[in-house]
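Undergrad: Quick one, what's the 3D model for this:
(chains A and B)
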2 protein chains.
Amino acid sequence: MPKLPLISIENAVDDSSIVKLSSPTKLPNATGFLWNRAMVMQVNCRGYVNSQFMQPEPAKYSYAPNMEAKSFIQPEHSYFSHHPGRFFYLKDEDSGEIISLPYEPMRIELDKFSFELGNSDIAWSIEHSGLQITIKVNLTKDDLVECWFFSVLNLTDTPRNISIYPYFSIGYMSWMNQSATYDEELNAIVADSVTPYQKVADYFNNKQLKDKTFFISDTVPTAWHANQKKFEGEGGLHQPSALQAELLENVEARYETPVAVMQFQQQLLANERKTLQFLFGPAKDEAEIAMIKEKYLGHQQRSQALNEYRDYLELGRACLTINSGTCTENSGFDDFFNHWLPRQMFYHGDVNRLSTDPQTRNYIQDNMGMAFIDATRTRQAYIRAVSQQALNGAMPEGVLLHEEAELKYINQVPHADHGVWLPICLSVYLNETADVSLLSEMIAFADSAEPKTFTKHIELALDYLINATDHRGLSLIEQGDWCDPMNMVGYQGKGVSSWLSLATAYALTSWCDLCDEYDIDMAQGKYDEYRFAAQVLNVAVNEHLWHEQWFARGITDEGRVFGTSEDEEGKIFLNPQSWAMLSGAASEDQQLDMIKAISKQLITPQGVMMLAPSYTRMVEDIGRITQKHPGVSENGSVYNHAAIFYVYALYQVGQNNLAFDLLSKMLPSLENAEVTGQLPIYVPNYYRGAYHQLPEQAGRSSHLFNTGTTSWLYRCLVEELCGLKGCARGLQVLPKLPSVMTTLSGQRVFRSAVINFTIEQTSGISTMEIFLDNQSITGNVLTDLKAGQHYLLQMKVPMTTKVNIGNEGTSV
Amino acid sequence: MPKLPLISIENAVDDSSIVKLSSPTKLPNATGFLWNRAMVMQVNCRGYVNSQFMQPEPAKYSYAPNMEAKSFIQPEHSYFSHHPGRFFYLKDEDSGEIISLPYEPMRIELDKFSFELGNSDIAWSIEHSGLQITIKVNLTKDDLVECWFFSVLNLTDTPRNISIYPYFSIGYMSWMNQSATYDEELNAIVADSVTPYQKVADYFNNKQLKDKTFFISDTVPTAWHANQKKFEGEGGLHQPSALQAELLENVEARYETPVAVMQFQQQLLANERKTLQFLFGPAKDEAEIAMIKEKYLGHQQRSQALNEYRDYLELGRACLTINSGTCTENSGFDDFFNHWLPRQMFYHGDVNRLSTDPQTRNYIQDNMGMAFIDATRTRQAYIRAVSQQALNGAMPEGVLLHEEAELKYINQVPHADHGVWLPICLSVYLNETADVSLLSEMIAFADSAEPKTFTKHIELALDYLINATDHRGLSLIEQGDWCDPMNMVGYQGKGVSSWLSLATAYALTSWCDLCDEYDIDMAQGKYDEYRFAAQVLNVAVNEHLWHEQWFARGITDEGRVFGTSEDEEGKIFLNPQSWAMLSGAASEDQQLDMIKAISKQLITPQGVMMLAPSYTRMVEDIGRITQKHPGVSENGSVYNHAAIFYVYALYQVGQNNLAFDLLSKMLPSLENAEVTGQLPIYVPNYYRGAYHQLPEQAGRSSHLFNTGTTSWLYRCLVEELCGLKGCARGLQVLPKLPSVMTTLSGQRVFRSAVINFTIEQTSGISTMEIFLDNQSITGNVLTDLKAGQHYLLQMKVPMTTKVNIGNEGTSV
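TA: Numbering: from 1, shown residues only, chains lettered A, B, ... in the order given. The predicted structure is shown next:
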């Protein structure tokens, strides 16, 4: 058999892509994810699954073997043998050999293994001992059910006697009550539990919870088992005792850990194929299980569900496809931007990471990305966000999306930055739509029923930010800004943040620019006030926080400037540099100094670290960030959300080569998969940093697909790299190709016009030449694009200089 | 090799006992436990360990592989392959064979296996392939450290080359920060973490937490491994990849799940023995680890620590030892009462189940048991309890034992019964000590600094109870009484509890009796008022709750009487019957009816169930109890705390045979171990009930050694079976031997007098004959016992009638 490449990318029939992994051991943490508006599942290549659904808070139906803490999703999720999973034991009744599929829990080496991540399903194609096995799972558009498909084909010329045993973890459901048995009428194993509680009020709160887990089969099993411990026996999960007998013994779980196991004894004639279909999920009662069964079990039902689910995901198609040819070292570059990044961005924007109280900053940025997919959703989200603003201008810590939602976890800590995001992110919405009507929408407040215009809401947010400054004119940080765990710089009410000061300046400037561009009416004198306030902030940051080559990160409650070369750890932070470029605080000389310093201290093969050196001990006037593990999350990882801010800023100051270099480093790819450990289907929230301190772990992906990176990454692609950015008059054309990318073509959908474009670096010209439908264009704005119409746009751009200043300092 | 009995009991050198289990698979959940005032560990025969320490709330140093929920200790704890444990892999370097000790995770069948539970240590004696291995663990008197001892003896005549690899689970410590490496100076693997938090205030709260876990060795390892996942590799915990190489690769964990593994390559000459010593536990910093090392590492240090720990446990010696000869079917009967029950009772009384806020009812009852061990502690506890009483008489939900303690979990739910326990349990303290000075102690209140006498505190509690009754004169149940999850009978403020009404009557009567006996001064008129109130309660219960053959359990908010034959489930509850006997509410005829009904509906081979039939669905006017799994905990298990109330009540009404029969059924024994699954070293909080509904699971032990049963069980032994009960004038003698127990001898320590006694059923006599130091005694009170003096007490009692009425109705 020819050796398969470790990872490959193929086109799918529906014009999406399939990423395939041919080893269950090389990237053991590799995962894909599926979701709908009510649930999400992260599927590991070896068969482990993390899944949760909303009721309205996240809940489980397939649990760990012990009582797990409720928590937000953690990076670098750890798997272990009894981790929840969906496995299939397969016994060759003739030879007695037992294997497990897709790989866990027996870990038998298979003749052929392929883990296949598609847009709307996740599958395995496996061959072993003359059997070809296909396993597939998809979700449905709306319901709480995993739809599994299992097929086995006898590749040999002799009949084969086999038993197939799906093993679906149900796990430790509840200390109050848990049990499971086979329900003949439903042809299902149904596990029952009571969500633990102690207070009477919770009984009523819990009454509607879906405390059952079902596993339905389309085929009547030969036998079944619902008792995890007895199934496993002394053999262990890697050699379950119950599989030694010819038939499972139909064992229930009675206040014992449930599991769903069925046995299907089958004879396969030569070249015969058998298929099985299973449904797995949570339910309130048997009636609901019967409804799910009715709706999704059967060949036709399955096809229809799959089509509807595809249609749902199709709603996530974004406004751009590109073809970069062979211009990058990343062979999956186009595929990632054309399929996977929009998919991830859609997940963020459409279901808000399946949180009922997304942090306000995440909610606004995630919905900025949604403007490239479905701008009406962005509009709704931004209206919702300001409707939860206080009349004093303060934006909430999190945006409540459900009437029963509450602010949880980090949303109970006061952060100072929530006001800056809307003025900044709003421009994408307006650029994509030119819908200035949003600005005059009348919207009430969290603490006042009297509505005011959207414009007024923004002004109140900006006024609040301007007032939240200290005697030096710098922004108070409270218990954190964008950086949540930087919680002790200003918890006594005095510490300030350079980043937040610059972000406030940038928010003010962005808003004024937007008002210029879209002719928005501000309150009397506000425009000048905001322009002036931005300047004052920039000056103050320069006065108090510029330190030799870069901007410090802040000043603590006690007046200590930190984030400078005088610190032993945390000498340089990325965010103040990026945002000084955005806010205009940094002069060109300063920009070059900063770029050099960053290139020397922060750049790694996986991208740019958020700070360096990572803290290795608590610093009490900085806070929790210093207690995180070095190189992890905010403590100096390649935190992609910060990295993409830098990339975006570099584009604003004309550092196109460096911007592209860093953008490329951030992308997961076939080429870097063995370092990152992940497949190129999402950008993770971080790669391990602390590159010089802990080189061995550096570069590892967090495998966490929740990240504010997506919308900015896509924005960089659309507005900067391709330079196809909306404006009041139409579509502004200003590509920013790096020197390595001599040509780039693609299709941009803009205000419902369809524009096929090519960009070409052309020698011998010094200014860009633009042709629309072969007609030369003066200026760089396409003003008369018509919705529904197709255009051909050709851009000839001057050759890009190879070296940006600062880039030569890159240390890796 | 001769086949060992599955379980055996041997005398230990220190006059305590050792319970031995010869199979790791027959009772896979069998455990022993060790504790001191700061920590507790429950050790499973296969090598799994649950451990926690107080700082001041329970914390871990050996964690599960995922983020576990913080919770109270659960019954029927579930083990799985990555459950925390202390294992030793052993490689025969000559043959290549690898085994794991004591049994997990490889589960290799061993030539000889013995799990040995001693008073102060837990050990395994194992033989395999010519090697004899001893593993032992003990705690220290005060510190947070497990002291492990490992020895291997070459039983053969040829040299053997082996590697020993202790594998101690550290587990998933923290999502903020976790790492581990080998510290050469300490010769230890030290794992480091940061307890996760998000709010600034918690940083300061957490500052003193012991976030490190250490594993110290007395011998420098050949190699080490601190990275769980890499150690395990693709081989799995049952065949770790890292053991394939000759040497471990000295691998750290860096934001990866830590583990402590060391390798000791050793040559063992013929008949040579090697020993290793390890220390494992939590610490704040390296200095603390060094201190622990200094204090406990080394042969002499180990001996001294063990002696001190033994001395600590010796403090738990109680006031009675017995010798019942061959009178019971339980060959470990005496051993259990002489060693294990006092030990368990001491655990409850001395460390209050290692809770910082024990429920008030538990605290008072547990400290009732302490009166048989060290009555000064009971005195302190009862003073502490009333010092947290409100001035209106209400006793608190829980007693706070630490200045930082808070009422947690079930203590946040209002229960109506907390006032009844002190008047009831106080008699044991007075009986053991005659210390009436307690009654005049001046003690303040939770909400008033003005002190009042202990007597007044009791009266306020009783007044509060008398007032907490409805128009019928029945006690309001609020959101629960003794039965925590009976939380919806009266949550609307109207439902009443028959049990609580009876318990209140019994508390009033007990207090009046005590005042009679000890000549206690009550406030003017209180005595008559209390006697009258008790009668009124008894009458009201009879009027509203007697139902054909037994007392119902209560009346709901809506006025529905429940716990009668008209109910489909929960027809009969044990507690109202027991307490009607205690309170005097039940006439003799009623008693016989009740006994018959109980014997028919509630008795099982493992004892008497708390209710039947167990609920199988929610009953909204009863509450959470009906949602628990049938046969589990309060929902109709053999809940031993309720069962011992019944036994105690039966003794009060002269049903000595039945009382003894049920007391015996409750005891874990060699004979019932294969049904209960536990070893006879503690009485569990329950055995599975629902005997007629779910016979297959019935009888299984919860393996939970926290239970209010212990003090009442011991009280039944001392005051009832042996009939050696203190009173104002001295020691009252009134044995209550069942017919099967023709003789019983033993030693009773009473007010520091030492009384060796024999009790003999003697034919031909109709009244008891008593001899003290061979002198016949008139009456049945020994009045002039002198502290420190030894006595010989002989009691000749009439033959006990074989059949108590009601007993013939026993259905099993």
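Undergrad: how about the closest residue to A:Gly118 other than its chain neighbours, what does it touch?
TA: Excluding its sequence neighbours, the residue lying closest to A:Gly118 (C-beta to C-beta, 6 or more residues apart in numbering or on different chains) is A:Ile18, at 4.9 Å. From N, CA and C alone the C-beta is placed, and that goes for glycine too. With contact set as C-beta atoms under 8 Å, 6 or more residues apart in numbering or on different chains, A:Ile18 has these partners: A:Ile9, A:Glu10, A:Asn11, A:Ala12, A:Glu116, A:Leu117, A:Gly118.
Undergrad: Which of the three states applies to A:Ile18?
TA: Following DSSP: H, G, I helix; E, B strand; the rest coil, the label given to A:Ile18 is strand.
Undergrad: That one pairs with what?
TA: A:Glu10 (DSSP bridges).
Undergrad: Now do the strands in the stretch 101-250 of chain A.
TA: Ranges of strands in the stretch 101-250 of chain A, per DSSP state E, counting those that start in this stretch, are A:112-117, A:122-128, A:131-138, A:146-154, A:160-169, A:178-183, A:188-193, A:212-217, A:223-227.
Undergrad: How many neighbouring residues does A:Asn640 have?
TA: Residues within reach of A:Asn640, counting by other C-beta atoms under 10 Å in any protein chain shown, total 28.
Undergrad: Phi, psi for it please.
TA: With angles defined as degrees, to the nearest 10, A:Asn640 sits at phi -60, psi -30.
Undergrad: Could you pick out the residues of the stretch 601-750 of chain A near chain B for me?
TA: For the stretch 601-750 of chain A, the residues in contact with chain B (C-beta under 8 Å from any C-beta of the partner chain) are A:Gly623, A:Arg624, A:Gln627, A:Lys628, A:His629, A:Gly631, A:Val632, A:Arg688, A:Leu694, A:Glu696, A:Gln697.
Undergrad: Just the buried residues of the contacts of A:Ile18.
TA: A:Ile9, A:Glu116, A:Leu117, A:Gly118 (16 or more other C-beta atoms under 10 Å in any protein chain shown).
Undergrad: and of the residues you listed, the nearest to A:Thr134?
TA: Distance to A:Thr134 across the buried ones among the contacts of A:Ile18 (C-beta to C-beta) is lowest for A:Glu116, with 9.4 Å.
Undergrad: Would you check which pair of the residues of the stretch 601-750 of chain A next to chain B lies furthest apart?
TA: A:Gly623 and A:Glu696 (27.4 Å).
Undergrad: More neighbours: which of these two?
TA: The residue with more neighbours, out of A:Gly623 and A:Glu696, is A:Gly623; 25 against 10, by other C-beta under 10 Å.
Undergrad: quick one: pLDDT of the residue nearest to the more buried one when sequence neighbours are not counted?
TA: Counting by C-beta to C-beta, 6+ apart, A:Gly623 lies nearest to A:Met488, which is 3.2 Å off, once chain neighbours are set aside. At A:Met488, the predicted lDDT confidence score is 98.
Undergrad: Check the one 4 residues further on too.
TA: As predicted, A:Gln492 sits at a pLDDT of 97.
Undergrad: Excluding residues flanking it in the chain, which one is nearest it?
TA: A:Asp557 (4.0 Å).
Undergrad: Now for that neighbour, which secondary structure element holds it?
TA: Assigned by DSSP states H and E, A:Asp557 belongs to neither a helix nor a strand.
Undergrad: secondary structure class for the residue of the stretch 551-700 of chain A found nearest chain B?
TA: Residue of the stretch 551-700 of chain A nearest chain B, by C-beta to the nearest C-beta: A:His629 (4.0 Å). Assigned with three-state DSSP, A:His629 falls in the coil class.
Undergrad: gap between it and B:Leu602?
TA: The gap separating A:His629 from B:Leu602 is 56 Å, by C-beta to C-beta, to the nearest Å.
Undergrad: now swap in A:Ala446 and tell me
TA: Distance from A:Ala446 to B:Leu602, by C-beta to C-beta: 57 Å.
Undergrad: Looking only at neighbour counts, state which of the two leads.
TA: Neighbours per residue (other C-beta under 10 Å) separate A:Ala446 from B:Leu602, with B:Leu602 holding more: 27 against 14.
Undergrad: what about the helices in the stretch 651-800 of chain A?
TA: The residue ranges that make up the helices of the stretch 651-800 of chain A, judged by DSSP state H, counting those that start in this stretch, are A:656-666, A:673-676, A:709-715.
Undergrad: Contacts made by the second one with the rest, please.
TA: Contacts made with helix A:673-676 from outside it, assessed by C-beta under 8 Å, 6+ apart, are listed as A:6-7, A:26-27, A:30, A:605-606, A:668, A:679-680, A:684, A:687, A:699-701.
Undergrad: Could you report the neighbour count for the closest residue to A:Phe72 other than its chain neighbours?
TA: Of all residues not flanking A:Phe72 in the chain, A:Tyr409 sits nearest, at 5.7 Å (C-beta to C-beta, 6+ apart). Neighbours of A:Tyr409 under the rule other C-beta under 10 Å: 16.
Undergrad: try the one 4 residues further on
TA: When neighbours are counted by other C-beta under 10 Å, A:Val413 registers 19.
Undergrad: Ok, A:Val145 next?
TA: Neighbour number of A:Val145 under other C-beta under 10 Å is 29.
Undergrad: what's the helix or strand for the nearest residue to it once chain neighbours are set aside?
TA: Nearest non-adjacent residue to A:Val145, counting by C-beta to C-beta, 6+ apart: A:Gly281, 4.0 Å away. Per DSSP H and E, A:Gly281 falls inside strand A:273-283.
Undergrad: what's that strand packed up against?
TA: strand A:146-154, strand A:160-169, strand A:212-217, strand A:258-268, helix A:286-296 (3 or more C-beta pairs under 8 Å, 6 or more residues apart in numbering or on different chains; DSSP states H and E).
Undergrad: For it, buried residues please.
TA: Buried residues in strand A:273-283 (16+ other C-beta under 10 Å): A:Lys274, A:Leu276, A:Gln277, A:Phe278, A:Leu279, A:Phe280, A:Gly281, A:Pro282, A:Ala283.
Undergrad: Show me the beta-bridge partners of the residue nearest to A:Val145.
TA: Bridge pairing for A:Gly281 - DSSP bridges - gives A:Phe214.
Undergrad: Does it touch A:Trp148 like I think?
TA: No: using C-beta atoms under 8 Å, A:Gly281 makes no contact with A:Trp148, being 10.5 Å away.
Undergrad: can the helices and strands packed on strand A:273-283 go into CSV with extra columns for mean pLDDT and mean neighbour count?
TA: Shown next, in CSV, are these (pLDDT from 0 to 100; neighbours: other C-beta atoms under 10 Å in any protein chain shown):
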stretch, mean pLDDT, mean neighbour count
strand A:146-154, 98, 21
strand A:160-169, 98, 23
strand A:212-217, 98, 26
strand A:258-268, 98, 22
helix A:286-296, 98, 17
